[in-house]
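# Everything below, folded, please.
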Amino acid sequence: MRVKRILVAIVGIAQGAIGVLAGILACILYFNFLDVQTTLNVSAELLPLYLLILSVFGFFSVISGFFLIHEELD
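Just a heads-up that it's a prediction; the model follows:
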């Protein structure tokens with residue numbers, strides 16, 4: 001059981017980190033930091049869609065990772 005707890009904690013932390021990185025990428029795209037929109041060839045019409053997808057994915061990943069870690073601690 002100890003191995004399972006460690007594995008679930010690692011997966012939860014990784015999932016939360018991926019969610020945070022998706023949120024950071026959404027912010028970088030929004031503020032066009034280091035001219036990322038041009039580098040990734042993001043059109044202005046599709047930018048809100050990309051931001052929505054990244055934000056929702058990041059939110060659900062962070063919440064899921066939090067619940068994984070919280071469930072194993074109980």
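# Please count neighbours and contacts with C-alpha atoms only from this point.
Fine.
# for whatever helix or strand residue 23 lives in, packing partners?
Using DSSP states H and E, residue 23 maps to helix 2-31. Packing contacts for helix 2-31, counted by 3 or more CA pairs under 8 Å, 6 or more residues apart in numbering; DSSP states H and E, involve helix 36-39, helix 47-73.
# Compare those and give me the one nearest residue 21.
Closest approach to residue 21 among the helices and strands packed on helix 2-31 is made by helix 47-73 (7.4 Å; CA to CA).
# Can you name every helix or strand that that closest one contacts?
So helix 47-73, by 3+ CA pairs under 8 Å, 6+ apart, packs with helix 2-31.
# Counting neighbours, which bits of the helix it packs on end up buried?
Under the neighbour-count criterion of 16 or more other CA atoms under 10 Å, helix 2-31 has 8-9, 12-13, 15-20, 22-23, 25-26, 28-29 buried.
# Pick out the residue nearest the middle of this structure.
Centroid-nearest residue in the chain, with CA atoms, centre = their mean: residue 19, separated by 1.7 Å.
# for that residue, what are its contacts?
57-62 (CA atoms under 8 Å, 6 or more residues apart in numbering).
# got the CA positions of the lowest-mean-pLDDT helix or strand in the chain in PDB?
For the chain, using mean pLDDT, DSSP states H and E, the weakest element among its helices and strands is helix 36-39, scoring a mean of 92. Extracted in PDB, the C-alpha atoms of helix 36-39 (Å, rounded to 0.1, in the frame of the first residue of the first chain):
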ATOM      1  CA  VAL A  36       5.100  33.800 -28.600                       C
ATOM      2  CA  GLN A  37       2.000  34.400 -30.700                       C
ATOM      3  CA  THR A  38       4.100  34.900 -33.800                       C
ATOM      4  CA  THR A  39       6.400  32.100 -33.000                       C
END
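# For residue 1, find the nearest of the helices and strands packed on helix 2-31.
Of all the helices and strands packed on helix 2-31, helix 47-73 comes closest under CA to CA, at 10.7 Å.
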